[in-house]
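S.K.: Build me a model:
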Amino acid sequence: MAKDFNVKGSIVALITPLNEDKSINYKKLEELLEFHIANKTDGILILGTTSESPTFVWEEDYEIVKLAVDVCKGRVPLIANAGSNDTNTSFQKAKRFEKAGVDALLAISPYYNKANKKGLYHHIYDVADSVDIPVIVYNIPGRTGINIPIDVMSELAKKDNIVGVKEATGDMGYVTKLAKATEDENFLIWSGNDDITIPIMSVGGAGTISVLANLLPELAHNMTWDYLNGDTQKAAKTQLDYLPLINDLFIEVNPIPIKEAMNLAGMNVGGFRLPLWEMEDKNREILKKEMQRMGIIK
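M.R.: As a prediction, the model looks like this:
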């Protein structure tokens, strides 16, 4: 039923704007959602790593979901991260977000407590089996401490509503094996690393779930669609031209640099919740100079 979920191009991993008192700035969040709809973003992911979601309480999660559904419904696909290292928590979030009206869910592999192969499989499969909307697997071993094995991923890909993966290992060898193992399952691979979006697309990737798109949504859309429409050289040139900026957006822990970049660009998205802290001055200057070089700010 759900394998017709076919969101290609650039899905933004949306930041969460904060007020001075570190409360969520819902007015600014609505503005950002409208900004992405107006600037060709192909899909919106809320409550992901880039959103600082580990610092939110359940009520804040749900308020963000309700607002995003109200703004996005019928205009752009909306994905909500229901992931947790506790399968029961993930199950409860998935059901609640589905009822609220999101188009799809993100499900991360268990972190900290990790899992063996069977537990890893059921942690994602059982959550997907509890809902009737598409589920995207999130594989990011740098955050979770575990890389989902290819054989587990290929088994998950057989489920009708597990539609793809946000692939953030940064390992192209893994990506090519994954693409081969899932090629018969209509299973989409989105790059979870902005620096290798086009390389992943070269082995069949559908696009990107992007941090960069927070700042430059139309550029991320155009780059991915240039590739999808056959202008692979133009897409590759954009990837290479913006590689220094992409690298600087990860000069410190995400989402510190992207929020700093957005603030430098006058987007006024606020600061961070602990354990995140303000960017080091030397790193902010590096980021600022690259944004000036690229003509994003003066």
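S.K.: moving C-terminal of the least confident helix or strand in the chain by mean pLDDT, what's the next helix or strand?
M.R.: Ranked by mean pLDDT, DSSP states H and E, the weakest helix or strand in the chain is helix 141-144, scoring a mean of 90. As assigned by DSSP states H and E, the chain's next helix or strand after helix 141-144 is helix 150-156.
S.K.: Summarise which helices and strands that next one is packed against.
M.R.: Under the contact criterion of 3 or more CB pairs under 8 Å, 6 or more residues apart in numbering; DSSP states H and E, helix 150-156 touches helix 117-129, strand 135-139, helix 172-181. In this view, the C-beta of every residue, glycine as well, is placed from N, C-alpha and C.
S.K.: hey, which of those is tucked in deepest?
M.R.: Ranked by mean neighbour count, those are led by strand 135-139 with a mean of 25 (mean count of other CB atoms under 10 Å).
S.K.: what's the spacing between that strand and its chain's center?
M.R.: In terms of CA atoms, centre = their mean, to the nearest Å, the centre of strand 135-139 is set 10 Å apart from its chain centre.
S.K.: ditto for stretch 75-91
M.R.: A distance of 12 Å separates the C-alpha centroid of stretch 75-91 from that of its chain, computed with CA atoms, centre = their mean.
S.K.: go on, stretch 122-132?
M.R.: Here the centre of mass of C-alpha atoms in stretch 122-132, compared against the chain's by CA atoms, centre = their mean, lies 20 Å away.
S.K.: Can you give the contact residues for that stretch?
M.R.: 1-2, 82, 87, 90-91, 94-95, 98, 105, 107, 109-110, 115, 135, 137, 156, 159, 161-162 (CB atoms under 8 Å, 6 or more residues apart in numbering).
S.K.: buried stuff in the least confident helix or strand of the chain?
M.R.: For helix 141-144, a neighbour-count test (16 or more other CB atoms under 10 Å) marks 141, 144 as buried.
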